[in-house]
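**Q** test case, fold it:
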Amino acid sequence: MKSTAADVGYESPSAFIAVFKRVSGTSPGGYCATQLERKFESALHTRPTFAQL
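**A** Take a look at the predicted model:
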């Protein structure tokens, strides 16, 4: 988290996390988990095409 916070201009990871929670309504970890879950669910419901095989 320290490098992510620094990449977007925060010296303090805790300040970045606080702003992230305020803006998004969830923690950065919670956001990542949700995005991974969505990708997984999407992959389960997507059938490969002939070109992908």
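**Q** only C-alpha atoms for contact and neighbour calcs from this point on.
**A** Noted.
**Q** check which helices and strands the helix or strand that Arg38 is a member of sits against.
**A** Here Arg38 sits within helix 28-44, counting by DSSP states H and E. Where contact means 3 or more CA pairs under 8 Å, 6 or more residues apart in numbering; DSSP states H and E, helix 28-44 is packed against helix 13-24.
**Q** quick check: mean pLDDT of stretch 45-53?
**A** With pLDDT averaged residue by residue, stretch 45-53 scores 67.
**Q** ok, Phe16 - how many residues close by?
**A** Counted with other CA atoms under 10 Å, the neighbours of Phe16 add up to 21.
**Q** show the pLDDT at it.
**A** For Phe16, pLDDT reads 95.
**Q** and what of Arg22?
**A** Arg22 carries a pLDDT score of 96 in this model.
**Q** and what of Met1?
**A** For Met1, the pLDDT comes out at 76.
**Q** just confirm it contacts Ser12, I think it does.
**A** No - applying CA atoms under 8 Å, one finds Met1 not in contact with Ser12, separated by 9.6 Å.
**Q** please save the CA atoms from stretch 11-26 in CSV.
**A** Provided in CSV are the C-alpha atoms of stretch 11-26 (Å, rounded to 0.1, in the frame of the first residue of the first chain):
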residue,chain,number,x,y,z
GLU,A,11,3.3,10.3,1.8
SER,A,12,1.2,8.4,4.4
PRO,A,13,-0.5,5.1,3.4
SER,A,14,-3.0,5.7,6.2
ALA,A,15,-4.0,9.1,4.8
PHE,A,16,-4.5,7.4,1.3
ILE,A,17,-6.6,4.7,2.8
ALA,A,18,-8.8,7.2,4.7
VAL,A,19,-9.4,9.2,1.5
PHE,A,20,-10.0,6.0,-0.5
LYS,A,21,-12.6,4.8,2.0
ARG,A,22,-14.3,8.2,2.1
VAL,A,23,-14.5,8.5,-1.7
SER,A,24,-15.3,4.9,-2.6
GLY,A,25,-17.1,3.6,0.5
THR,A,26,-14.7,0.7,0.9
